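Undergrad: Need coordinates for the following:
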Amino acid sequence: MKTPFRVALMVLPLIAAAIALLSPGKNVIAASGGEVTGTVKLDGTAPHQKGIDMSKEPSCAAIHKDKPVTTENVVVGANNGLANVVVYISEGLTGNEAASSTTLTWDQKGCQYIPHVMALDAGQHFKVTNSDQTSHNIHPQPTKNSEWNKSQPPGAPPFDISWLNVEVAIPVKCNIHPWMHGYMAVVKGPYAVSDANGSFKLENVPPGSYTLTAWQETYNTQTSKVTVAAGKAATADFTFKAK
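TA: Residues are numbered from 1 along each chain as shown. Predicted structure coming up:
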């Protein structure tokens, strides 16, 4: 009876030591990741964004009575910063990167899609919500994923959705309100969407050399090469020519 007990006493410290070694290893891997920051700008004069008439949906029109809504094909901020541009790693990753565990939200508010452009990992879950007092009919139109078309009345619970395949980008429309348009960009690995000033940041990028792609719904794509060192920040900037 004593021998098994002694063996157990000898094995337990070894197990504890192995766990201790593995845990710091995970932290080192997380800490070794770098980031890529930069800006996306428009060279030239931004095209005029047309106003949207929501009079056929009074509840949504009332929300925007103090600030009329326009289309969002090209949204330019300070210093010609270009918003709603998806930046992602298109070459250089292993292909085995796990999907983000963060659940995103695609909301319908004021008869608009919020956000207008959403980036996410293949396999990452997102919730479709309806914050309006009217029904919507969400209709993504992918070519590399399964198409679906769902009605969502006011107060209905969120839909929990994920996309299986990489696809940049999936257009989304509402079959009830024809002015509602948005995009979902399905990628693999670190991604970002430029903010109102055209700024973006890709976090937790493993050390290595990569090709970055910037996608914009009107101007299509641009690429840039970047090298990321462990625990450091790299930069990459994009400029789209106005047309």
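Undergrad: In terms of residue numbering, what are the domains of the chain?
TA: As recorded under automatic domain parsing, the domains making up the chain are 1-32, 34-241.
Undergrad: Give me the distance between the two termini of the last one.
TA: Between the start and the finish of domain 34-241 there is a gap of 30 Å, counting by CA to CA, to the nearest Å.
Undergrad: ditto for stretch 143-157
TA: 27 Å.
Undergrad: buried set for it?
TA: Asn145, Gln152 (16 or more other CB atoms under 10 Å). Backbone N, C-alpha and C define where each C-beta goes, glycine included.
Undergrad: Next, the residues that contact it from outside, please.
TA: Outside of stretch 143-157, the residues within contact range by CB atoms under 8 Å, 6 or more residues apart in numbering are 108, 128, 130, 132-141, 159, 161, 163-167, 170, 175, 186.
Undergrad: Selecting buried members of the residues you listed in PyMOL, what would you type?
TA: Buried subset of the contacts of stretch 143-157, written as a PyMOL selection, criterion 16+ other CB under 10 Å:
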select buried, resi 108+128+130+132+136+138+139+140+161+163+166+167+170+186
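Undergrad: Among the contacts of stretch 143-157, which are located in helices?
TA: The members of the contacts of stretch 143-157 all map outside helices under DSSP state H.
Undergrad: Could you identify the helix or strand that succeeds the lowest-mean-pLDDT helix or strand in the chain?
TA: Lowest by mean pLDDT, DSSP states H and E among the helices and strands of the chain is helix 2-32, with a mean of 43. Using DSSP states H and E, the helix or strand that directly follows helix 2-32 along the chain is strand 34-43.
Undergrad: Run the chain-centre distance for that following strand.
TA: 15 Å (CA atoms, centre = their mean, to the nearest Å).
Undergrad: taking the mean pLDDT, what do you get for it?
TA: Model confidence over strand 34-43, given as mean pLDDT, is 97.
Undergrad: if I look at the residue nearest the centre of the chain, how far off is Thr37?
TA: Closest to where the C-alpha atoms of the chain average out (CA atoms, centre = their mean) is Ala119, at 2.1 Å. Applying CB to CB, to the nearest Å, the value for Ala119 to Thr37 is 16 Å.
Undergrad: Ok, Thr143 next?
TA: According to CB to CB, Thr143 and Thr37 sit 32 Å apart.
Undergrad: cool, and Ile89?
TA: Relative to Thr37, Ile89 is positioned 14 Å away (CB to CB).
Undergrad: So between the two, which is more surrounded?
TA: It is Ile89, of Ile89 and Thr37, that has more neighbours when counted by other CB atoms under 10 Å, with 23 against 15.
Undergrad: can you pull up the bridge partners for the more buried one?
TA: Ile89 has these beta-bridge partners by DSSP bridges: Leu212.
Undergrad: Kindly report the same for Val193.
TA: Counting by DSSP bridges, Val193 is bridged to Val86.
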